[in-house]
Structure formats: structure tokens, C-alpha cells
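K.L.:
Sharing a model that was predicted from the sequence below.
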Amino acid sequence: MQTAIDKIRELRALHEDGLLSRQEFDQRKNAILDAAHAPAQAPSVAVSARGTELGLMAGQQVGPPNRRYRLERLIALGGMGQVWQATDLATHAELGHSAQVALKILSPELTESASHAKLLVQEATRARRLAHEHIVRVYDWAQDPATSSYFVIMECLEGEDLDSLLAREGALPLARTLALLRPVAEALDYAWERHRLVHRDIKPANVFVTARGDVKLLDFGIAARARAGGRTALEAPALSGTPGYRAPEAGAPGSVPARQLDVYSVAVMVHQMVKGLAAPAIGEPPRPQDLSDAQWEALRSGFAQDPAARPESVTALLDRLAASDAPAAIPETIVAEVAEVAEQPAIAAPEPVAEPAPAPVSEPADSQADERNRNVAAAAAQVARQQLREQQKRERLEAEAARSARREALREQLAARRDEEVAKIRQAQEAAQEAAQRKALQAKAAAAYLAEQERARQQPAPSAPPAPSPAVPPTLLRDRFLDLEGEGPELVVLRAGRFQMGSPEHERKIAMACGAQKNWLARETPQHWVGIARPFAMGRYPVTVGEWRAYVEATGWQPDGEVDWSAPGFPHTDRHPVVGVTWGDAQRYVSWLSERTGQRYRLPSEAEWEYACRAGTKTAYSFGDAIDTSLANYDGNFTWNGGARGEYRRGTTPVDAFAPNPWGLHDMHGNVWEWVQDVMHDSYEGAPLDGSAWEEGGERARRILRGGSWLYNPRYLRSALRNGFSAVMSNDIVGFRVVRELPEDADEHDAS
């Protein structure tokens, strides 16, 4: 573990490199010293007044130089580390989330080795794919260089967890308990059915109720993995989960995580919530008084020691509890006595809703029998009253459910009607706009025709008018391997030319209205002219899984990143773009391709990439200033400039699934980010004007990405947008395409 001196030494290095101001250096140094010398008997005072054991305090900044966050307030503090509300100061505003985020900052002991840190990155990457309304959204992870602590960047929520709610309200009715846990069951069903993931650490502290009443499940997989010291549940099964909520089989060697682990934990939570306990019961839990026999048996099935005896899912457990509505148990002796009395014609059974009639006065010799008869009659009346109360309770619940269903149906009808009206208005506006555009084009064409006729009258006709130039289709090229045992990617030959690189002001204004940050958009400035002096050939598609597989089989390449290219977490075929490839891996691939074909292959320069993407256009996208999910693969839950929402495919699509741009190149917008050769710079000030790669200065550890991906919203897919990423890391949203240089005397027709 780092000492305070080690932390301060790293802080000083950051300050000397210009990455920390003097004021911030002093604040963080003092916080580290305060934490190191805090009195052992009062750690809570040291945390609240002086900072934390990680040297953190409100107002300071954490994260690498390109991803800075300002800590605002400490939300939670535990054995794993701390959770802070923070302001995102970086330019990476991923997925359109707000500037306020939650940072789960893990203690350095949990990620002290490189293998532990790598496992944390894998868990954060996996959790980021869990896009469900009842699972807290994980955006990314990062490491703070001053504390060496890794942290996970998550959705920031306002509200309280179930621990706080139970401490404030005490025991909850079963109906409310089920209502609070239904969203948890939906989230678990989604994680299992879509990703085969089990939570393994369900407890009240990991169920959050927002200020609006929404329920969110926290710490999906990250808590269990981090608590296991970076090991998987198979490697350290006994450490997965929290004592009291952990299923008995969780500690068995070689056990495979199954849904019954979460069923056990939720059953413990149900018992805790209806009993109003501050902590789960030890041993056999006592029966709550408000549960009927059937409800208690249903709940006990969730506690079963044998996982096979438990319900198959949390949803099934909650369904059993909801369906078990029999009245509470009555002692068997009283039931037997009621039955015995019912068989005697001399004593009439009481009406179900009436109070029992007073017993007749008997002779003194029969006083004991009279007393017994009165007791039995009173018991029968009690049974009747209890049955009546249960019946009335069921009727109230059914009526409330019916009213809720009617209200929900009415809301859906109103929402559908509103959406229909909005769609009609939008269609009418689009039709009117198209009509106006057609009229404008017709007027422009008519004016041009009249002007041409006027010029023709004023000038003599040429003796031999030239024939019109035919349309030139894209020239395709593909190199065979020298040993004739394969071939390289399919290429499109692009002619030399000149274009304007970067974004115009009006496009940046639209991007800001859609959530982009001003300092991010500054990367696209100043807009400038670039000349591409020589023709070149660019990959028609991003490098595919099949093409990468041929490279792996030929070279024995082994990945060193966080994503398995052959199983990235979503379905794919050989026609999908490869992911899980670092910038260095892409460099090794083009070197291998050059050797196999005898031609010079490389990554495109950033200018070449944008030139090819724009394909002669000046709009936000190569197909115009509007975009929808029929044109590219991106997160259709988000829109650009008032466009319609669309499909979110949750993974890559085949490289030829969408129409090509005007020059015959596919997937230049969306699907996967694409590596280019250039180093990351914050603007175009000083950039080359000849289309060559910009490799001087800048952040050499980061390289440029272009094009956007399936996980990002449409503003990231613009032709002008620039992103940067660590050259030594891979991701499930990053791929690349290649460029092949052409001979100096080649043009777009005779290249071979």
C-alpha cells in the first residue's frame, strides 16, 4: 500500500508537470497528511472533517489528466472504499449523461496488483453493457494517479437505499415489499436472459429508491469481484456476497454462480423488510405474524438449503408470495372443536359476518358444557371475522390493482395519442419542408435554365459539343497474398482532392444543444482546408472478424486488452467488424498485411479518414444533416437536432448492413470507432495541411478515434467529430480500417 510520502511524491510530480495547480497541490497534500495522522479512535471525525483515508476531500479533483472530476460530497463510506458525487470536468460526456456523476472510488488494497486491476476493468466493461431502467448505469472506469485508486463512473442518483428506508419506516406491509422488489426482479431477469449474469450481492444497501420513486439495482458484479480481491466467484466463492444474505452454496469450491444465489438473498430481504429488522436473522428466521401459512411456506422456499428446492428466479419467488393469500393459521384444537360443534344439531353455527349469540343459561349440572360451548362459539365467530377481514383485504387489493391498471391503460392511451399527434405534426412539417425544398430547387433549376438559354442566344453554338461524362462507379481493389493462400481486405480507390476539415459554427451549436461540451467541440476547430495530394485505397469496410481470424491463425497473436475479440459480449459473425483491438494491435496487423501482399498498408491519417468519410459533402453526415437508425448503427434512444428516436441494437451489425457513402465506403458513421494514425491534439492549431498524419507533440499515449459506435448517441457520429483513447487499451466499441498506398503514377482508374 502506498504511504503518505509516496502519495505526496506523486502529487509533486503532477504539480511539476503542470497537471495540478499550486492551490490544488496544497489542498490534496494536506488532506493526505490529515488522513495519515488522524486519531485511530475517531475515524469518523477524520472522515467528515478532514477528508478520507484515500486523501480525498470535497473540492479536489481526481482522475487522469484527460478525465478530471471535482468531488462535491461524500455519499457513502465502506470497506470497499467511498462513493462521491462529482462534477465531470472532462470532455468525455459519454452517452449524454449530465455533468453530475457518482464515483465509486475503491481502496488501493483491492486493486494493488495488475491482475486485480485488470479484473476490475473487465467487470466495469461488463456492467456498462447492462442498459436497463432498473440498473444503475455504469459509464466507464478510470484511475487517479495521485492515490493509485481505481474508480468507476456511474449514474448519479438522488434518494436513499433500502437500508435507510427501513431504518426510517420500520416494518413494511408485504404488498409494499413486493412492489419495491418487483423492479429488482425485472433487472435480474434482464441480466440473466441477455447476459447470463448473476448479481451475487443483493442486499438493502444495493437497492436504491430515487426521489421520484424509481428503484435501481446497484453494484452489479463489481462489488462481488472487488470484495474477492479481484478474483472471480469461481476463484473465491466464499467471498462473493455479504454475510447474512449469502446463500450456503456460495462458499462451495468450484460452484458456478446461478440464479438461485439471488433468490436466497431476496428471500432474506423480504423477511427483513416485513419484520422491520435492522439486519438479517441468524439461523432459522422467525415467522412474521402478518404472513399466512401459504405465504410463509413460499418465503421459506427461498431460504431452502438446497438450491434446486428454491424458485427458479426472483420473479418466481415474488409470484409465489403474491399468490399465497390464504388467511393466517388457526390452532388445530380450535378448528377441531368448531367441527365437533358443527356436527351437533343443538348448537347452530354462527353466520359468517354476525356476532355470536349469547349462550343459553343451562342447568347447574351442565355448567362446564355450557362454558365449553360458549368458547367454541366465540372461536367460530373469531374465524368468521378473520375470514371476513381477509376477504375485504383481498377485495381492496384487487380493486386497487384494477384502478392502477385502468390508470396505466389510460396513461398509455394518452401517451399513444400524444405520440400519434406529434408524429402527424412532424410528418406534416416534413412534408411542407420537402415541398418547399422542391419548389426552391425547381425555381433554381428554372432560373438556371433561363440563364443558360440567354447565354446560348448571346453566344454562337460550338461546332462540336462535348459528350457528357459518364458516372464513374467506385474502383474496387483487393490484393492477393504472395503465397496465393489468401487475400487482403476489399479496398476502394480514392482520388486526390481538397476538402474543408473540421466543423462549421452552426453544426457545433446544434451539437451543444444536443448535449456536447464546448471544450470537446473545440477539438474540431479551426475549420481549415486540407489538400490530399495523392490517391490512396481505403478499406471498403472496417476490418472484419473473419479477416482478423486469418491474422490470428497465421501469427498466433494473443490479446493483452480487456475484451475478447472472439466473444465480445454480443452475437457476431465473420462479417461483423472486429473489436477488442488496441492501436498497437492494428499496427501489427497492417505490418503483417504488407508482408503477405508485398504492398504498403497502414492506418489512415485523420485527414484521410475525414476526407473519405465526407466523400465530397459538407453536411454533418455524408448522407446529409439528419440521421436515423436506418442509416447507421448507434444508440437510437438519443436523437440529433430533433430527429426521431430509433433502434438500439446493443452490439455491432454486419459491415454491409447499411448503404455506403457516395464514394462506396460502408460504416463510416457508427458501428465501431476506428483507429487512425494521429496523436491526440486538443485542436487543429498547427495541424498539417497536406493530409499527412500528425504525430508530433500532443498526447502520445492517446491516439485518435473516428466515426462513433453502436453504444454512442448520434452527435458522436458526425464526420467532423474527434475522440481520443489510450493506445494500449482495447474496447468492445473500437475497431479499425486500413489504407493501402498506391504508386505515384496511379489514378483512380488504373490502380492495381
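P.N.:
Thanks, I have it.
K.L.:
Can you pull out the low-pLDDT segments for the stretch 151-300 of the chain?
P.N.:
221-240, 251, 253-255, 278-279, 281-283 (pLDDT under 70).
K.L.:
Which residue ranges of it form strands?
P.N.:
Using DSSP state E, counting those that start in this stretch, the strands of the stretch 151-300 of the chain run over 159-161, 207-210, 215-217.
K.L.:
Tell me, how many residues neighbour Trp520?
P.N.:
Trp520 has 21 neighbours, counted by other Cβ atoms under 10 Å. For the C-beta atoms, the positions are set from N, CA and C on the backbone; glycine is no exception.
K.L.:
same deal with Ser301?
P.N.:
Ser301, neighbours per other Cβ under 10 Å, totals 17.
K.L.:
which residues touch it?
P.N.:
Applying Cβ atoms under 8 Å, 6 or more residues apart in numbering to Ser301 gives the contacts Ala267, Ala309, Arg310, Pro311, Leu317, Arg320.
K.L.:
can you give me the offset of the longest helix along the chain from its chain's centre?
P.N.:
Longest helix in the chain by number of residues, with DSSP state H as the criterion: helix 367-458. Put simply, helix 367-458 sits 27 Å off its chain's centre (Cα atoms, centre = their mean, to the nearest Å).
K.L.:
Report the rounded mean pLDDT for that helix.
P.N.:
Averaging pLDDT along helix 367-458 yields 72.
K.L.:
for stretch 608-628, same thing?
P.N.:
Per-residue scores along stretch 608-628 average to 96.
K.L.:
So for the residue most central in space within the chain, what's the nearest residue that isn't a sequence neighbour?
P.N.:
Central residue of the chain (Cα atoms, centre = their mean): Arg128, 3.7 Å from the mean position. Leaving aside its chain neighbours, Arg128 sits nearest to Val138 (4.7 Å; criterion: Cβ to Cβ, 6 or more residues apart in numbering).
K.L.:
Return the residues in contact with that neighbour.
P.N.:
With contacts defined as Cβ under 8 Å, 6+ apart, Val138 is in contact with Ala124, Ala127, Arg128, Leu130, Val152, Ile153, Met154, Glu155, Phe220, Ile222.
K.L.:
Was I right to think the fifth one contacts Trp141?
P.N.:
Looking back up the chat, that one is Val152. Yes: counting by Cβ atoms under 8 Å, Val152 does reach Trp141; the two are 5.1 Å apart.
K.L.:
Please go through this protein and pick out the longest strand.
P.N.:
Looking across the chain with DSSP state E, the single longest strand is strand 69-78.
K.L.:
about what we covered before: can I get the strands of the stretch 151-300 of the chain in TSV with distance to Leu397 and mean neighbour count?
P.N.:
Output for the strands of the stretch 151-300 of the chain, formatted as TSV (distance: least, Cβ to Cβ, whole Å; neighbours: other Cβ atoms under 10 Å):
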stretch	distance to Leu397	mean neighbour count
strand 159-161	26	16
strand 207-210	22	19
strand 215-217	20	22
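K.L.:
Now distance to Gln427 too, for the ones you listed, in TSV please.
P.N.:
Output for the strands of the stretch 151-300 of the chain, formatted as TSV (distance: least, Cβ to Cβ, whole Å):
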stretch	distance to Gln427
strand 159-161	39
strand 207-210	36
strand 215-217	36
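K.L.:
Between those strands, which one is closest to Arg182.
P.N.:
Closest of these to Arg182 is strand 215-217, at 8.0 Å (criterion: Cβ to Cβ).
K.L.:
helices or strands next to the closest one in the packing?
P.N.:
Strand 215-217 sits against helix 174-195, strand 207-210, with contacts defined as 3 or more Cβ pairs under 8 Å, 6 or more residues apart in numbering; DSSP states H and E.
K.L.:
Reformat those as JSON lines; add distance to Gly642.
P.N.:
Compiled in JSON lines, these are given as follows (distance: least, Cβ to Cβ, whole Å):
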{"stretch": "helix 174-195", "distance to Gly642": "30"}
{"stretch": "strand 207-210", "distance to Gly642": "28"}
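K.L.:
Gln391: which of the ones you listed is closest?
P.N.:
With Cβ to Cβ, the closest approach to Gln391 among the helices and strands packed on strand 215-217 belongs to helix 174-195: 16.0 Å.
K.L.:
Using PDB, write out the CA atom coordinates for the closest one.
P.N.:
Below are the C-alpha coordinates for helix 174-195, written out as PDB (Å, rounded to 0.1, in the frame of the first residue of the first chain):
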ATOM      1  CA  LEU A 174     -46.000  -7.400   2.200                       C
ATOM      2  CA  ALA A 175     -47.700  -5.600  -0.700                       C
ATOM      3  CA  ARG A 176     -45.200  -2.700  -0.500                       C
ATOM      4  CA  THR A 177     -42.300  -5.000  -0.100                       C
ATOM      5  CA  LEU A 178     -43.300  -6.800  -3.300                       C
ATOM      6  CA  ALA A 179     -43.800  -3.500  -5.100                       C
ATOM      7  CA  LEU A 180     -40.300  -2.400  -4.100                       C
ATOM      8  CA  LEU A 181     -38.700  -5.700  -5.200                       C
ATOM      9  CA  ARG A 182     -40.500  -6.200  -8.500                       C
ATOM     10  CA  PRO A 183     -38.100  -3.800 -10.300                       C
ATOM     11  CA  VAL A 184     -35.200  -5.700  -8.800                       C
ATOM     12  CA  ALA A 185     -36.600  -9.000 -10.200                       C
ATOM     13  CA  GLU A 186     -37.100  -7.400 -13.700                       C
ATOM     14  CA  ALA A 187     -33.400  -6.200 -13.600                       C
ATOM     15  CA  LEU A 188     -32.200  -9.600 -12.600                       C
ATOM     16  CA  ASP A 189     -34.300 -11.300 -15.300                       C
ATOM     17  CA  TYR A 190     -32.800  -8.900 -17.900                       C
ATOM     18  CA  ALA A 191     -29.200  -9.500 -16.700                       C
ATOM     19  CA  TRP A 192     -29.600 -13.300 -16.900                       C
ATOM     20  CA  GLU A 193     -31.600 -13.600 -20.100                       C
ATOM     21  CA  ARG A 194     -29.500 -11.100 -22.100                       C
ATOM     22  CA  HIS A 195     -26.000 -11.500 -20.500                       C
END
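K.L.:
Which of the strands of the stretch 151-300 of the chain sits closest to Gln272?
P.N.:
Closest to Gln272 of the strands of the stretch 151-300 of the chain, according to Cβ to Cβ: strand 207-210, at 11.5 Å.
K.L.:
Can you tell me which helices and strands that closest one packs against?
P.N.:
Where contact means 3+ Cβ pairs under 8 Å, 6+ apart, strand 207-210 is packed against strand 159-161, helix 162-169, helix 174-195, strand 215-217.
K.L.:
ok, 6 Å please
P.N.:
Where contact means 3 or more Cβ pairs under 6 Å, 6 or more residues apart in numbering; DSSP states H and E, strand 207-210 is packed against strand 159-161.
K.L.:
Neighbouring strands of the strand it packs on in the sheet, and parallel or not?
P.N.:
Using DSSP bridges, the strands paired with strand 159-161 are strand 207-210 (antiparallel).
K.L.:
Tell me how far the partner strand lies from the chain's centre.
P.N.:
Strand 207-210 sits 18 Å away from the centroid of its parent chain (Cα atoms, centre = their mean).
K.L.:
Tell me who's in contact with Gly276.
P.N.:
Contacts for Gly276 were tallied using Cβ atoms under 6 Å, 6 or more residues apart in numbering; they are Gly170, Ala171.
K.L.:
Let me fix that, I meant to ask about Asp656.
P.N.:
Contact analysis of Asp656 by Cβ under 6 Å, 6+ apart lists His666.
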